[in-house]
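The following comprises the amino acid sequence and a computationally predicted model.
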Amino acid sequence: MKIALVTQYFWPESFVINNLVKTLVMQGHTVEVFTGKPNYPDGAVFPGYIAHGCINESFESTIPVHRVPLRPRGSGGAKNLFLNYLSFVFNGLWYFPRMFKGHSFDVIFVFTLSPITSVIPAIYLKWKLKKHLAIWVLDLWPDSLSATGFIRNKFILWMVGCLVRGIYACADTILVQSYAFITSVSRYANPDKLVYYPSSHLDVGIQPLENTSVPTELLAMLSSCFCLVFAGNLGTAQAVETLVGAAMRLSHLPDFKLVLVGSGSMSNWLEQQKAEHGLENLVLAGRFPPEDMPQFFQRAKGLLVSLRRAEIFAQTVPGKVQSYLAAGRPIIASLDGEGARIVDESGAGLSCPAEDIEKLVACIERLYNLSPVERESMGHAGRAYFLEHFEMTKQSQRLIEILEARISQ
């Protein structure tokens, strides 16, 4: 199958779509990528790129990547994000049709996190080329805008809802990342267009740890202490206040460390809380590349995932759940809904309601008091569940089956 991938986020930015593209190409399919200049998450264009001008390059030596100008996200804030989103729409509409000339594709496929507006250039391409348009929805607009407080004005949220309804109307296939998404997306789209298609993770097995950029002293601490590792974005959606509250209540565990690996909008606040409360058991490790994550996962006694208490987050399965399951380590899920269901159903660990500090503390204490054999059993169960439901080789094959079936209708 020949796939034109339209996405605002792509390598060298770190997203699941990168490995999915590699896997599809390894299986004999053709993928050509149409994207912008990389600037996520820090908001500055990556070294080696400039914000203006179009460029063509290759991913993994053989996969064509076409990049249009993009206004960087900057330091965040509504104005900067709006201009960032708008620049992808405008430049995509202007440049992508020219980049498509002389190329033939079976399907236009959109990887859409926030913002949903990244689909708009693909809609124009669908009309111009008369090709099937499939979009993969991993974030619910306008629900997520309201839940995170990014937009509070009800009229603006209603307008965004109208925009979402129009975008979904133009799509031929809408892939949703969790079963719970089906109900929410159905409020704005024809249910007949919807297909469940979860995020997946490229399985590389449990391999020996090799050279790494992780500091030696951090590795030593991970190996010698009972470390519970959280990896990923540290923002408002992740309910980091709950994590700080749990760390404050777990000071009685002498060798316990809550290790936060990542960065985000709440990083400075976390530094302040650590200093203000003298939280020696809260380790802010900073951000590391994806290839270093096994250094943390394999040494951790458990892996932690958390989200705020909101209906939209109860419908979401955080992408780190799949990578945690693949790592074969026990999981503690401070989540509601779908994410917690997967952890419980798989037997991979323990779950508690989102933002419930006391119950999170109880889960951590319970994991702490389990024997190594019991913790290992949880990890094995989680990995087996991952291989059955979220392993990328199988899921990429399923994606092709879905697209071929939908195109032939």
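That came through fine. These numbers come from a predicted model, not from an experiment. Residues are numbered from 1 along each chain as shown.

who's in contact with the lowest-mean-pLDDT helix or strand in the chain?
Across the helices and strands of the chain, mean pLDDT, DSSP states H and E gives its lowest value to helix 143-147, namely a mean of 74. Identification of contacts with helix 143-147 by C-beta atoms under 8 Å, 6 or more residues apart in numbering yields 114, 150-152, 157, 160, 184, 237, 308, 310-313. (Each C-beta comes from the backbone N, C-alpha and C, glycine too.)

try 7 Å this time
Helix 143-147 is touched from outside by S114, I151, L157, V160, S184, A310, I312, F313, with contacts defined as C-beta atoms under 7 Å, 6 or more residues apart in numbering.

Equivalent analysis for stretch 1-13, please.
Residues outside stretch 1-13 that contact it (C-beta under 7 Å, 6+ apart): 15, 17-18, 21, 24, 29-36, 38, 40, 46, 59, 65, 88, 104-111, 113, 118, 121-122, 400, 403-404.

same deal with stretch 42-56?
Contact with stretch 42-56 is made by 12, 37-39, 64, 66-76, 95, as judged by C-beta under 7 Å, 6+ apart.

what's the burial count for G74?
Applying other C-beta atoms under 10 Å, we find 15 residues neighbouring G74.

wait, doesn't it sit right on N80?
Yes. If you go by C-beta atoms under 7 Å, G74 and N80 touch, sitting 4.0 Å apart.

what comes up buried for the longest helix belonging to the chain?
Across the chain, the longest stretch assigned as helix under DSSP state H is helix 78-100. Across helix 78-100, burial judged by 16 or more other C-beta atoms under 10 Å covers 81, 84-85, 87-93, 95-96, 99-100.

now swap in stretch 16-28 and tell me
Of all the residues in stretch 16-28, those buried under the rule 16+ other C-beta under 10 Å are V16, I17, N18, N19, L20, V21, K22, T23, L24, V25.

what does the average pLDDT come to for the helix or strand containing L325?
Per DSSP states H and E, L325 falls inside helix 319-327. For helix 319-327, mean pLDDT is 93.

and the very next helix or strand once past that helix, how far out from the chain's middle?
Following helix 319-327 in sequence order, the next helix or strand is strand 331-334 (DSSP H and E). Relative to its chain's centre, strand 331-334 lies at 17 Å (C-alpha atoms, centre = their mean, to the nearest Å).

domains in this structure, as residue ranges please.
Recorded structural domains for the chain (assignment: automatic domain parsing) are 2-200+391-408, 216-389.

Helices along the stretch 1-150 of the chain, start to end?
16-26, 78-100, 120-129, 143-147 (DSSP state H, counting those that start in this stretch).

quick one: the second one to helix 120-129, angle?
In other words, helix 78-100. 20 degrees (axes from the mean of the first three to the mean of the last three C-alpha atoms, to 10 degrees).

How far off centre is helix 78-100?
Using C-alpha atoms, centre = their mean, the offset of helix 78-100 from its chain centre is 22 Å.

Show me where the stretch 151-300 of the chain has its strands.
For the stretch 151-300 of the chain, applying DSSP state E, counting those that start in this stretch gives strands covering 173-176, 194-196, 226-231, 256-261, 282-286.

Which among those strands is found nearest to G339?
When the strands of the stretch 151-300 of the chain are compared by C-beta to C-beta, strand 226-231 sits nearest G339, at 13.7 Å.

Can you show me the CA trace of that closest one as PDB?
The C-alpha trace of strand 226-231 is given here as PDB (Å, rounded to 0.1, in the frame of the first residue of the first chain):
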ATOM      1  CA  PHE A 226      13.200   0.900  45.600                       C
ATOM      2  CA  CYS A 227      12.600   3.200  42.700                       C
ATOM      3  CA  LEU A 228       9.100   3.900  41.200                       C
ATOM      4  CA  VAL A 229       9.700   5.600  37.800                       C
ATOM      5  CA  PHE A 230       7.400   8.000  36.000                       C
ATOM      6  CA  ALA A 231       8.500   8.700  32.400                       C
END
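
What lies in contact with that strand?
For strand 226-231, the external contacting residues (C-beta under 7 Å, 6+ apart) are 243, 255-262, 293, 296-297, 299-304, 320, 332, 364, 368.

Separate out the buried members of those residues.
Among the contacts of strand 226-231, those classed as buried by 16+ other C-beta under 10 Å are 243, 256-262, 293, 296-297, 299-304, 320, 332, 364, 368.

wait, L279 sits on R249?
No. At 10.8 Å, L279 does not count as touching R249 under the criterion of C-beta under 7 Å.

So for the two, which sits in the more crowded spot?
L279 (18 against 15).

got a list of what the more buried one touches?
With C-beta under 7 Å, 6+ apart, L279 has these contacts: A247, M248, Q273.

Okay, now the unreliable bits of the stretch 51-200 of the chain?
Low-confidence segments of the stretch 51-200 of the chain (pLDDT under 70): 76, 147-149, 151.

Look at P72 and say how many residues are nearby.
That count, for P72 with other C-beta under 10 Å as the rule, works out to 21.

Relative to P215, which of the strands of the stretch 151-300 of the chain is closest?
That would be, of these and by C-beta to C-beta, strand 282-286, which comes in at 8.9 Å.

Can you give me the buried ones in the closest one?
Buried-residue list, strand 282-286, by 16+ other C-beta under 10 Å: L282, V283, L284, A285.

With stretch 334-350 instead?
Across stretch 334-350, burial judged by 16+ other C-beta under 10 Å covers 334-343, 346, 348-350.

okay, which residue is most central for the chain?
Note on the chain: the residue nearest the mean C-alpha position is G319, at 4.4 Å, using C-alpha atoms, centre = their mean.

Quick check: the residue lying closest to that one once chain neighbours are set aside vs E355, distance?
Spatial nearest neighbour of G319, excluding adjacent residues (C-beta to C-beta, 6 or more residues apart in numbering): S199 at 5.1 Å. Between S199 and E355 the computed distance is 23 Å (C-beta to C-beta, to the nearest Å).

follow-up on the earlier one: got the strands of the stretch 151-300 of the chain as JSON lines, with distance to K131 columns?
Converted to JSON lines, those look like this (distance: least, C-beta to C-beta, whole Å):
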{"stretch": "strand 173-176", "distance to K131": "12"}
{"stretch": "strand 194-196", "distance to K131": "18"}
{"stretch": "strand 226-231", "distance to K131": "37"}
{"stretch": "strand 256-261", "distance to K131": "41"}
{"stretch": "strand 282-286", "distance to K131": "43"}
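
so which of those strands gets nearest E217?
Nearest to E217 among those is strand 282-286 (10.9 Å), distances taken as C-beta to C-beta.
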